[in-house]
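1. Need a 3D model of the sequence below.
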Amino acid sequence: VAVVGAPDEKWGEAVTAVIVLNDGATLTEQDVIEYCKQHLASFKKPKAVHFRSALPRSSLGKILKSKVREDFWRGHERQI
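-> Numbers count the residues shown, from 1 in each chain. Below you'll find the model as predicted:
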């Protein structure tokens with residue numbers, strides 16, 4: 001999982017979760033949002049959840065959040 005800021009008309013950025021599921025696992029966007037409503041403060045909850053087959057990683061195996069953010073900010077005037 002990677003959590004990044006994605007463009008939002010109202011707030012400028014919105015908390016967005018990007019998730020890679022394990023083989024055979026099932027999960028919906030609503031499942032994630034409901035879980036977060038119960039366990040996180042309101043401002044920390046993701047407004048959107050995206051599922052991907054893989055996340056970009058460094059040679060050390062760390063998730064490259066800057067690369068994840070690029071997908072959301074491509075084509076916008078402001079870049080993060």
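2. Helices of the protein, residue ranges please.
-> Using DSSP state H, the helices of the chain run over residues 29-39, 65-73.
3. Would you mind finding the most buried of the ones you listed?
-> Highest mean neighbour count among the helices of the chain (mean count of other C-beta atoms under 10 Å): helix 65-73, with a mean of 16. For every residue, glycine as well, the C-beta is placed using N, CA and C.
4. quick one: contacts of it?
-> Residues outside helix 65-73 that contact it (C-beta atoms under 8 Å, 6 or more residues apart in numbering) are 2, 4-7, 16, 18, 55-56, 79-80.
5. Let's see which of those end up in strands.
-> Under the assignment DSSP state E, the contacts of helix 65-73 contribute 2, 4-7, 16, 18 to strands.
6. Mind pulling up the pLDDT for residue 76?
-> Each residue has a pLDDT score; the one for residue 76 is 83.
7. Residue 47 too?
-> 94.
8. And residue 80, by the same measure?
-> pLDDT, read off for residue 80, is 63.
9. related to what we said a few turns ago, and the contacts of helix 65-73, which is the shakiest by pLDDT?
-> residue 80 (63).
10. for residue 22, phi and psi?
-> The phi and psi torsions at residue 22 (degrees, to the nearest 10) take the values phi -70, psi 160.
11. repeat for the one 4 residues further on
-> Residue 26 has phi and psi values of phi -130, psi 140 when expressed as degrees, to the nearest 10.
12. returning to that earlier point: turn the buried ones among the contacts of helix 65-73 into a named ChimeraX selection, would you?
-> To isolate the buried members of the contacts of helix 65-73 in ChimeraX, using 16 or more other C-beta atoms under 10 Å:
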select :2,4,5,6,7,16,18,55
